[in-house]
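K.L.:
Predicted model and sequence below, questions to follow.
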There are 2 protein chains.
Amino acid sequence: MRITRPRRVLLDALLDTATPRSAEELREGIGEGEDLVTVYRNLDAFERAGLVLRAHAENGKALFHLSPHHRHYHLVICRVCHEAKVIEDCDGDRFERLAREQGYSDVTHTLELHGVCARCGQTDA
Amino acid sequence: MRITRPRRVLLDALLDTATPRSAEELREGIGEGEDLVTVYRNLDAFERAGLVLRAHAENGKALFHLSPHHRHYHLVICRVCHEAKVIEDCDGDRFERLAREQGYSDVTHTLELHGVCARCGQTDA
DNA sequence: ATTATTGCAAACCCTTTGCAACTTA
DNA sequence: TAAGTTGCAAAGGGTTTGCAATAAT
């Protein structure tokens, strides 16, 4: 995988934010000059390389963030603004075991918590 | 909420399948004559009424299924065919509590397990 | 009769693809 | 120089919206 400027700045954007971001948000973080298509393609490449994980907000948009050490992660996603935060602390692979017992292979899990974040709770609810 | 034929057959389709389905799949289960737009609108209506829950496959498509008694549920979604199954058995609301501690309100959780189902594992991997 | 709901067409948005120009190694 | 990458334009696929016709209350 070649190291190019678009990839460097995308990686910077991913490192800059602690929370999962949409492709659009990442491009904005980079500077408006960047091509969204390239962002998508490089996010794909990063995902294939195991560098980046992808999740989905309730509105269907994809959210990207750097892969943690493990293969699973947990998100809290706000119903209103669709901002996502990573939650640490997982009780293990009980569910993955369950899925394997049902015949699934190569199992990972994503726990997504949905709620209204503090900021949106004030203005909206 | 009025009881109409499109709603009755949609509800039948939802009752017919134990596993979450896309809008398209639900329409197929109903019979080709049905309008996909109406299916979407009624799934929205059902969701607002608390009758239906929506999840997302890794490909971004929305999956719909009748709401279980509780407000949370767990899915195993196949990476290859994107079929989803509901997994019973939840260890409680530990994560929801965590999210609340971080300032989120109205919190629910969705645990999505991703893997390759038995059927796809044979042909694909 | 009134109001929600339908169905069709067209718009929308996010994401992907094609291809020639361009960099990186 | 050869291969991967970019950027633009355009297509794609799922979902939503507008509006007149229709069916439920």
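P.N.:
On my side now, so go ahead.
K.L.:
For DNA strand C, what is the nearest residue in chain A?
P.N.:
Residue nearest to DNA strand C within chain A: A:A62 (3.2 Å; CB to the nearest atom of the strand). For glycine as for every other residue, the C-beta is placed from the backbone atoms N, C-alpha and C.
K.L.:
Tell me, what's the model's pLDDT at that residue?
P.N.:
Here, the pLDDT recorded for A:A62 equals 93.
K.L.:
what separates the nearest residue to it once chain neighbours are set aside from B:E83, distance-wise?
P.N.:
Take A:A62 and drop its neighbours on the chain: the residue closest to it by CB to CB, 6 or more residues apart in numbering or on different chains is A:R54, 5.3 Å away. Using CB to CB, to the nearest Å, A:R54 is found at 19 Å from B:E83.
K.L.:
same deal with A:L51?
P.N.:
28 Å.
K.L.:
more crowded one of the two?
P.N.:
B:E83 (17 against 14; other CB atoms under 10 Å in any protein chain shown).
K.L.:
Now do the phi/psi pair for the more buried one.
P.N.:
Note on B:E83: backbone dihedrals following degrees, to the nearest 10 are phi -70, psi 140.
K.L.:
what residues are up against it?
P.N.:
If you count contacts by CB atoms under 8 Å, 6 or more residues apart in numbering or on different chains, B:E83 has them with B:T19, B:I77, B:C117.
K.L.:
Let's have these in TSV, adding distance to A:V39.
P.N.:
Listed next are the contacts of B:E83 as TSV, based on distance: CB to CB, whole Å:
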residue	distance to A:V39
B:T19	34
B:I77	25
B:C117	31
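K.L.:
What's the per-residue pLDDT of the residue of chain A positioned farthest from its centre here?
P.N.:
Largest separation from the mean C-alpha position in chain A: A:E101, at 27.5 Å (CA atoms, centre = their mean). Per-residue confidence (pLDDT) for A:E101: 79.
K.L.:
again, but for A:R79
P.N.:
For A:R79, the model assigns a pLDDT of 68.
K.L.:
Next up, the contacts around the closest residue in space to A:G50 that isn't next to it in sequence.
P.N.:
Counting by CB to CB, 6+ apart, A:S67 is the residue found nearest to A:G50 once chain neighbours are left out, at 6.1 Å. Residues in contact with A:S67 (CB under 8 Å, 6+ apart) are A:G50, A:L51, A:V52, A:L53.
K.L.:
From A:L36, how far out is A:S67?
P.N.:
22 Å.
K.L.:
How about A:E101?
P.N.:
Separation of A:E101 from A:L36 (CB to CB) stands at 42 Å.
K.L.:
What of A:R119?
P.N.:
Counting by CB to CB - A:R119 and A:L36 are separated by 26 Å.
K.L.:
same check, this time on A:V76
P.N.:
Distance from A:V76 to A:L36, by CB to CB: 26 Å.
K.L.:
for chain A, where's the lowest mean pLDDT among helices and strands?
P.N.:
helix A:118-124 (a mean of 67; mean pLDDT, DSSP states H and E).
K.L.:
Can you give me the neighbour number for A:R5?
P.N.:
That count, for A:R5 with other CB under 10 Å as the rule, works out to 8.
K.L.:
would you list every one of the strands in chain A?
P.N.:
Along chain A, the segments classed as strands by DSSP state E run A:52-56, A:62-66, A:73-78, A:84-87, A:105-116.
K.L.:
quick one: which of the ones you listed is nearest A:Y40?
P.N.:
Distance to A:Y40, taken as CB to CB, is lowest for strand A:62-66 among the strands of chain A, at 9.0 Å.
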